[in-house]
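> Turn this into a structure:
(one chain, ligands or ions: 2)
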Amino acid sequence: MAATSASAFSIGSTISHGSKASPLSQSKTCGMNISFNSQNNIKSFTGLKSSFLAKESTAALRYSFSQKSQNNPRTSSSALQIMASFKVAILGAAGGIGQPLALLVKMSPLVSDLHLYDIANVKGVAADLSHCNTPSKVRDFTGSDELASCLKDVDVVVIPAGVPRKPGMTRDDLFNINAGIVRTLIEAVADNCPDAFIHIISNPVNSTVPIAAEVLKQKGVYNPKKLFGVTTLDVVRANTFVAEKKNLKLIDVDVPVVGGHAGITILPLLSKTKPSVTFSDQEVNDLTARIQNGGTEVVEAKAGAGSATLSMAYAAARFLESSLRALDGDSDVYECSFVQSEVTELPFFASRVKLGKQGVEAIISSDLEGLTEFEVKGLEALKVELKGSIEKGVAFAQKEKVTA
Ligand SMILES: NC(=O)C1=CN([C@@H]2O[C@H](COP(=O)(O)OP(=O)(O)OC[C@H]3O[C@@H](n4cnc5c(N)ncnc54)[C@H](O)[C@@H]3O)[C@@H](O)[C@H]2O)C=CC1
Ligand SMILES: O=C([O-])CC(=O)C(=O)O
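Ligands and ions are numbered 1, 2, ... in the order given. You can find the predicted model right below:
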């Protein structure tokens, strides 16, 4: 996104120029410090001789921490410190997305506790990850009896639990199984960590987010600013496909994607690509179709073995990282997400949002101004399908009310 904040563990982010004087998690310490006082120290974080961090990301990381150190009496420019202080839970952590996501989260210097929950055996995943010498403490939780302890006091809950598509299926075909899974998990979130940011990955996102909102309302703890449908993979794909097509340096490309997360409800706003790029009509058609069908491209290539897992883990890690940086006080963190919204007549809509300590601080409605004719048509078409998916989710949650 245009101003995605600098990255702590550097998942596709760009430089942040607005880091405010953050007290570096003064309120939440667990005594785990990591010092970054040279490029070498940053590299050594992963334990690798040469870091996976891109040159630009490393620069962003150093810039961000040097900004913080200037404002923080506990740090000096020669020994920049960050404090691992956030608790993160992944529900569905033994799955195709859950496992690589857990690895990426384990690499975050901002995370002190990583809780892995699944109905399948997650002990092995946790044991495996716990051998990585990074700050967070990994714990495993299996089955519904352990869900409450998994969620106690967590700051962010990420939910990739549920079944994925096979070739020939739509995301909506997953509704019958995943709607109930999301409802049950959100009930537990409401009971155990009602103030947490909730990141919903489970499909169909266009319906599972409205289901989550209804359940939270029934429990009396709904905070629309903290409930997010994760649509970051649509942005990641848009950036990648545009860069490929136009031979651009990937790190610089930024395409907002609005609407929802299924087929035509995914609308890349190619006219708002940064840096400014000129597309022929044919290119707009082809790129839009490829971005809308990015998930299907992977489902078909996997031929029955599931849907996107690695790119999704990467995208979810990027969204998590942005959320943690916002929680940590960074003041210029922007991501696209499917949230409660007033930018259209629909109650939920994906667009660029500004993230802050309290969740969504602002929804960037200006992205929907000055659209091309193609984009206006796409927007009108997607609203019909998206409205139906939202209503389906709300009706499901209202039919089977939870106990408060
Ligand atoms: N938002 C997005 O952009 C994307 C969403 N997805 C969705 O993410 C979901 C997960 O995909 P994969 O990880 O590939 O599936 P997977 O089948 O590999 O893993 C799902 C995991 O969820 C667990 N699970 C099932 N019911 C559960 C419950 N009640 N509580 C806790 N865990 C439970 C399973 O045991 C399994 O370990 C699917 O619904 C898929 O469509 C996938 C890619 C992109
Ligand atoms: O396509 C799927 O079923 C999984 C998904 O949401 C994506 O990859 O965007």
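> Let's see the pLDDT reported for the residue in the stretch 251-400 of the chain that ligand 1 sits nearest to.
As assessed by Cβ to the nearest ligand atom, ligand 1 sits closest to M312 within the stretch 251-400 of the chain, at 3.9 Å. Just so you know, the C-beta spots here come from the backbone N, C-alpha and C atoms, and that holds for glycine as well. Among the per-residue scores, M312 shows a pLDDT of 98.
> And it, how far from G96?
8 Å (Cβ to Cβ, to the nearest Å).
> For these two, indicate the residue with more neighbours.
M312 (23 against 19; other Cβ atoms under 10 Å).
> so where does that one fall, helix or strand?
helix 310-327 (DSSP states H and E).
> Next secondary structure after that helix?
Next element after helix 310-327 (DSSP H and E): strand 333-340.
> what's the angle between that following strand and helix 310-327?
When axes from the mean of the first three to the mean of the last three Cα atoms, to 10 degrees is applied, the directions of strand 333-340 and helix 310-327 differ by 100 degrees.
> after strand 333-340, next one along is what?
Following strand 333-340 toward the C-terminus (DSSP H and E): strand 348-356.
> re the thing from before, CA atoms only for the helix holding M312 - export them in PDB, please.
Provided in PDB are the C-alpha atoms of helix 310-327 (Å, rounded to 0.1, in the frame of the first residue of the first chain):
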ATOM      1  CA  LEU A 310       2.500 -20.100   1.200                       C
ATOM      2  CA  SER A 311       1.500 -16.800  -0.500                       C
ATOM      3  CA  MET A 312      -1.400 -16.500   2.000                       C
ATOM      4  CA  ALA A 313       0.900 -17.100   4.900                       C
ATOM      5  CA  TYR A 314       3.200 -14.300   3.600                       C
ATOM      6  CA  ALA A 315       0.200 -12.000   3.100                       C
ATOM      7  CA  ALA A 316      -1.200 -12.800   6.600                       C
ATOM      8  CA  ALA A 317       2.200 -12.200   8.100                       C
ATOM      9  CA  ARG A 318       2.400  -8.800   6.400                       C
ATOM     10  CA  PHE A 319      -1.100  -7.800   7.700                       C
ATOM     11  CA  LEU A 320      -0.200  -9.000  11.200                       C
ATOM     12  CA  GLU A 321       3.100  -7.100  11.100                       C
ATOM     13  CA  SER A 322       1.200  -4.000  10.100                       C
ATOM     14  CA  SER A 323      -1.200  -4.500  12.900                       C
ATOM     15  CA  LEU A 324       1.500  -5.000  15.500                       C
ATOM     16  CA  ARG A 325       3.300  -1.900  14.300                       C
ATOM     17  CA  ALA A 326       0.100   0.000  14.700                       C
ATOM     18  CA  LEU A 327      -0.400  -1.400  18.200                       C
END
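> same for it, what does it pack against?
strand 86-91, helix 98-106, strand 156-159, strand 197-200, helix 232-246, strand 333-340, strand 348-356 (3 or more Cβ pairs under 8 Å, 6 or more residues apart in numbering; DSSP states H and E).
> Out of these, which one sits most buried?
Highest mean neighbour count of those: strand 86-91, a mean of 28 (counted as mean count of other Cβ atoms under 10 Å).
> Show me which residues of the stretch 151-300 of the chain are close to ligand 1?
Residues of the stretch 151-300 of the chain lying near ligand 1 by Cβ under 6 Å from any ligand atom: 160-165, 174, 178, 181, 184-185, 201-203, 205, 230, 233, 261.
> mind redoing it with 8 Å?
Residues of the stretch 151-300 of the chain lying close to ligand 1 (Cβ under 8 Å from any ligand atom) are 160-165, 171, 174, 178, 181, 184-185, 200-205, 229-234, 261, 295.
> what are the phi and psi angles of the residue lying closest to G95 once chain neighbours are set aside?
Take G95 and drop its neighbours on the chain: the residue closest to it by Cβ to Cβ, 6 or more residues apart in numbering is P160, 6.1 Å away. As for P160, its main-chain torsions (degrees, to the nearest 10) stand at phi -100, psi 20.
> give me the residue from the chain nearest ligand 2.
Closest to ligand 2 within the chain is G295: 2.2 Å, counting by Cβ to the nearest ligand atom.
> For the helix or strand hosting that residue, enumerate the helices and strands it packs against.
Per DSSP H and E: G295 is located in helix 294-302. For helix 294-302, the packing partners by 3+ Cβ pairs under 8 Å, 6+ apart come out as helix 232-246.
> who's in contact with the helix it packs on?
For helix 232-246, contacts defined as Cβ atoms under 8 Å, 6 or more residues apart in numbering pick out 1, 12, 248-250, 253-257, 261, 266, 268, 270, 273, 277, 279, 283, 286-287, 290-291, 294-295, 308, 311-312, 314-316, 318-319, 335-337, 350.
> quick check, the following helix or strand past that helix touching ligand 2?
Next along the chain after helix 232-246, taking DSSP H and E as the criterion, comes strand 257-259. No - between strand 257-259 and ligand 2, judged by Cβ under 8 Å from any ligand atom, nothing touches; the nearest distance is 11.1 Å.
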